[in-house]
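Engineer: What shape does this take:
(chains A, B and C)
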Amino acid sequence: MFSLEDETFQVFGICSLLLLAKMTFMSLLTSRQRIKTGKFANKEDSYFGDKSAPANLKESLKANDEVERVRRAHMNDMENIYPFILIGFFYCLTGPNSNTAKFHFITFLMARVLHTIVYILAVKQPARGICYFVGMLVNASMILQSIAHYM
Amino acid sequence: MFSLEDETFQVFGICSLLLLAKMTFMSLLTSRQRIKTGKFANKEDSYFGDKSAPANLKESLKANDEVERVRRAHMNDMENIYPFILIGFFYCLTGPNSNTAKFHFITFLMARVLHTIVYILAVKQPARGICYFVGMLVNASMILQSIAHYM
Amino acid sequence: MFSLEDETFQVFGICSLLLLAKMTFMSLLTSRQRIKTGKFANKEDSYFGDKSAPANLKESLKANDEVERVRRAHMNDMENIYPFILIGFFYCLTGPNSNTAKFHFITFLMARVLHTIVYILAVKQPARGICYFVGMLVNASMILQSIAHYM
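Structural biologist: Prediction:
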């Protein structure tokens, strides 16, 4: 059932890979923010900072809200996207209706992409809350359907 | 071998899905704790706070021990449950003895459910240490058996 | 295609399992560092501390750089190794050239093992930056190849 001929699995694969690509991009964004703001987590990382600026180790190790925001968004992805992919593998094996399954995958993809945009731009709530909740509902729905099938 | 007809894989699937359901529930618990205590990670989230209370942004962004405890428990899940599921996939492919395998899966499930309860209720040590260690032993055992088989 | 007869998948399995073993070891290392330095995240954990030392709860809950360094290395693993394994499953299904695939897996394994060593020993940058970047490149390359194949 894990086959590229299976359209359901194919859509699952594309959505998962796009989300993982998004997460990889978030890592790069954190590094860029750290270098831009000169805020690092490790003392040895000041190597990447602005050499012309007077070194101030204590200052450079302080948390910075711009950096922390990207980190929290990334963390939230780890709490939601990893489960989505793991659940998805089990879910695909239950042989779900193809349209229902694709609806789940694409809704999750859109919810999480919007979640990141809304998080980074610090859009007014409840925008992010809604994106988060939609993603979680998709995961919960796939879990319930899969458990029902495995029992 | 990833088939619902295979009883070993079926038990693996149910244990994994129950653990992922538990983790989803932890996310909701964090949100609930944040709203209850009025402690948020982002400035825009005070939207969800008590509107009658006088707004105090700095105060609301302070870490709160009740919130942080749930977060640490959730984090610990990410460090242990995700590996369990990933290892489990490889382990199932080695065609392990069905009873041995089911013993691993169910022990892990129980250890992690107890771990969460003990963590949230702040039960005296070494209760949590034992739950944690049992889960880790299951993972280590599956890793060793799988590597031996793949070599 | 998820079969132990397939050499590509076999190498993928061994690399993934070794990386997961490394991560399990990191958890143990954190616990050891916490006990050694007497710095804990939870008030009940001082149980594991030095009983002869005068108890000082506030002091023992302070973050410690030695502990936090291991934790950050572990966190970085969660941001990179979990995606590697998830991407790898999809990538193996596309039936990649065996030598290309094995090159990806072994490069990633070496980059991440070096990353941990360099992180824990606080080696001068850009050592860690390079390890990190190589790992990320492998993930990006597998994502791109897989998406191209799934489309």
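
Engineer: what's the helix or strand containing A:Gln145 packed up against?
Structural biologist: Counting by DSSP states H and E, the element that carries A:Gln145 is helix A:127-150. Helix A:127-150 makes packing contacts with helix A:65-93, helix A:98-120, helix B:7-37 when contacts are defined by 3 or more Cβ pairs under 8 Å, 6 or more residues apart in numbering or on different chains; DSSP states H and E. Where you see a C-beta, it was placed from the backbone N, CA and C, and this is true even at glycine.

Engineer: okay, now the residue nearest to A:Ser16 when sequence neighbours are not counted: neighbour count?
Structural biologist: Closest residue in space to A:Ser16, ignoring its immediate chain neighbours: A:Ile85 at 4.8 Å, by Cβ to Cβ, 6 or more residues apart in numbering or on different chains. Around A:Ile85 there are 24 other residues, counting by other Cβ atoms under 10 Å in any protein chain shown.

Engineer: Give me the contacts around the helix holding A:Gln145.
Structural biologist: Residues outside helix A:127-150 that contact it (Cβ atoms under 8 Å, 6 or more residues apart in numbering or on different chains) are A:76, A:80, A:83-84, A:87-88, A:90-91, A:94, A:96, A:104, A:107-108, A:111-112, A:114-115, A:118-119, B:4, B:10, B:13-14, B:17-18, B:20-21, B:24, B:27-28, B:44, B:48.

Engineer: Could you list which of those residues also contact chain C?
Structural biologist: With respect to chain C, and counting by Cβ under 8 Å from any Cβ of the partner chain, no part of these is in contact.

Engineer: Any quick ChimeraX command for the buried ones out of those?
Structural biologist: With 16 or more other Cβ atoms under 10 Å in any protein chain shown as the criterion, this ChimeraX line picks the buried residues out of the contacts of helix A:127-150:
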select /A:76,80,83,84,87,88,90,91,94,96,104,107,108,111,112,114,115,118,119 /B:4,10,13,14,17,20,21,24,27,44
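
Engineer: can I get the CA coordinates of the helix holding A:Gln145 in CSV?
Structural biologist: The C-alpha coordinates for helix A:127-150 follow below in CSV (Å, rounded to 0.1, in the frame of the first residue of the first chain):
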residue,chain,number,x,y,z
ALA,A,127,-5.8,33.9,13.2
ARG,A,128,-3.0,31.6,14.5
GLY,A,129,-5.3,29.8,16.9
ILE,A,130,-7.6,28.8,14.1
CYS,A,131,-4.7,27.5,11.9
TYR,A,132,-3.4,25.5,14.8
PHE,A,133,-6.8,24.1,15.7
VAL,A,134,-7.6,23.0,12.1
GLY,A,135,-4.2,21.2,11.9
MET,A,136,-4.9,19.5,15.2
LEU,A,137,-8.4,18.5,14.1
VAL,A,138,-7.0,16.8,11.0
ASN,A,139,-4.6,14.8,13.2
ALA,A,140,-7.3,13.9,15.6
SER,A,141,-9.6,12.7,12.8
MET,A,142,-6.9,10.5,11.3
ILE,A,143,-6.0,9.0,14.7
LEU,A,144,-9.6,8.2,15.4
GLN,A,145,-10.3,6.6,12.0
SER,A,146,-7.1,4.6,12.1
ILE,A,147,-7.6,3.3,15.7
ALA,A,148,-11.2,2.3,14.7
HIS,A,149,-9.7,0.4,11.8
TYR,A,150,-6.9,-1.3,13.7
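
Engineer: Measure how far that helix is from the centre of its chain, please.
Structural biologist: Helix A:127-150 sits 15 Å away from the centroid of its parent chain (Cα atoms, centre = their mean, to the nearest Å).

Engineer: May I see the buried residues of it?
Structural biologist: Neighbour counts using 16+ other Cβ under 10 Å place A:127-129, A:131-132, A:134-136, A:138-143, A:145-147, A:149-150 of helix A:127-150 among the buried residues.

Engineer: ok, back up a step: could you dump the helices and strands packed on helix A:127-150 into a markdown table and include mean pLDDT?
Structural biologist: Formatted as a markdown table, the entries for the helices and strands packed on helix A:127-150 read as follows, by pLDDT from 0 to 100:
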| stretch | mean pLDDT |
| --- | --- |
| helix A:65-93 | 91 |
| helix A:98-120 | 94 |
| helix B:7-37 | 88 |
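
Engineer: In which helix or strand does A:Gly95 reside?
Structural biologist: According to DSSP H and E, A:Gly95 maps onto no helix or strand at all.

Engineer: wait, what's in contact with the residue of chain A found nearest chain B?
Structural biologist: Using Cβ to the nearest Cβ, the single residue of chain A nearest to chain B is A:Gln125, 3.8 Å away. By Cβ under 8 Å, 6+ apart, the contact set of A:Gln125 is B:44-45, B:47-48.

Engineer: Could I get the phi/psi values of it?
Structural biologist: Torsion angles at A:Gln125 (phi, psi; degrees, to the nearest 10) stand at phi -70, psi 160.

Engineer: export the helices and strands packed on helix A:127-150 to JSON lines and tack on distance to B:Arg72?
Structural biologist: Output for the helices and strands packed on helix A:127-150, formatted as JSON lines (distance: least, Cβ to Cβ, whole Å):
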{"stretch": "helix A:65-93", "distance to B:Arg72": "13"}
{"stretch": "helix A:98-120", "distance to B:Arg72": "22"}
{"stretch": "helix B:7-37", "distance to B:Arg72": "11"}
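
Engineer: who in chain A is up against chain B?
Structural biologist: Contacts of chain A with chain B, taken as Cβ under 8 Å from any Cβ, map to A:1-2, A:69, A:72, A:78-80, A:82-83, A:86-87, A:89-90, A:93-94, A:122-126, A:128-129, A:136, A:139-140, A:143, A:146-147, A:149-151.

Engineer: Report the separation between the residue nearest the centre of chain A and A:Met136.
Structural biologist: The centroid of chain A falls nearest to A:Asp77 when counting by Cα atoms, centre = their mean (2.8 Å). Distance of A:Asp77 to A:Met136, given as Cβ to Cβ, to the nearest Å: 13 Å.

Engineer: Now the residue nearest to the centre of chain A: closest residue in space, sequence neighbours ignored.
Structural biologist: Spatially, and ignoring its direct neighbours in sequence, A:Asp77 is nearest to A:Met23 (5.2 Å; Cβ to Cβ, 6+ apart).
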